[in-house]
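In: fold the following for me, if possible:
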Amino acid sequence: MTMEEMLDRAAIHLLMATYTINGDRGRIAALADVFAKDGLLEFSGEQSRGRQAILDRLGTPGQPRDPRHSFTRHNLTSSLVELDGDGASGRTYFQVMTDIGMDHHGHYADRFVRTDAGWKIAHRQVRIDWQSPDSLYPTFPKR
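Out: Presented below is the predicted three-dimensional model:
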């Protein structure tokens, strides 16, 4: 592995941590900034393209929040990133803790792109693999 590849991988992992921590802290503008200008976020059967659309979707209160929901912690676990020049693809597992304990877990299927501003997410698909029947996230389809 070359030094450039190591730096690219570190930059992509920082990008993923920036998304995760800002999302948990409610800093939606900072979360949206990790996406490319025309980046795509997919989850719960819906797509949001572009930073403003992502910000609008995540930053606009929809349903009233469950009063039992006082904190969220997304924990990134295993991650595999494949570099391909100025692009990359990745798969990262995550677990989400809330007031109920383990709320849900799944994985991100990502495409990354190198831009003038550094690495950005070009496409993130959030896939939920399991969700507690008591989940505090009503936006995910129940299985």
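
In: distance check, Met97 against Arg25.
Out: Met97 sits 14 Å away from Arg25 when distances are taken as Cβ to Cβ, to the nearest Å. Where C-beta positions appear, they are placed from N, C-alpha and C, glycine not excepted.

In: which one of those two has more residues nearby?
Out: Met97 (16 against 11; other Cβ atoms under 10 Å).

In: so how far is the helix or strand that one falls within from its chain's centroid?
Out: Using DSSP states H and E, Met97 maps to strand 87-98. Centre-to-centre, strand 87-98 and its host chain are 7 Å apart (Cα atoms, centre = their mean, to the nearest Å).

In: whatever helix or strand comes next after that strand pairs with which strands?
Out: As assigned by DSSP H and E, the chain's next helix or strand after strand 87-98 is strand 101-115. When pairs are called by DSSP bridges, strand 101-115 turns out to pair with strand 87-98 (antiparallel), strand 118-131 (antiparallel).

In: what is the mean pLDDT for the longest one?
Out: Here strand 118-131 scores 97 as its mean pLDDT.

In: please apply the same query to the first one.
Out: For strand 87-98, the mean pLDDT works out to 98.

In: that strand: which residues count as buried?
Out: Ala88, Gly90, Thr92, Phe94, Val96, Met97, Thr98 (16 or more other Cβ atoms under 10 Å).

In: would a markdown table of these with distance to Gln52 be doable?
Out: What follows is those, written out as a markdown table (distance: Cβ to Cβ, whole Å):
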| residue | distance to Gln52 |
| --- | --- |
| Ala88 | 24 |
| Gly90 | 24 |
| Thr92 | 25 |
| Phe94 | 25 |
| Val96 | 25 |
| Met97 | 30 |
| Thr98 | 28 |
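
In: so after the helix-or-strand element of the chain with minimal mean pLDDT, what's the next helix or strand?
Out: Least confident helix or strand, the chain: helix 51-59 with a mean of 91, by mean pLDDT, DSSP states H and E. Later in the chain than helix 51-59, the nearest helix or strand by DSSP H and E is strand 73-84.

In: in its sheet, what does that next one sit against?
Out: strand 87-98 (antiparallel).

In: the one helix or strand Glu5 maps to packs against which elements?
Out: Glu5 is part of helix 3-24, with elements assigned from DSSP H and E. Here helix 3-24 is seen to pack against helix 28-32, strand 73-84, strand 87-98, strand 101-115, strand 118-131 when contacts are counted using 3 or more Cβ pairs under 8 Å, 6 or more residues apart in numbering; DSSP states H and E.
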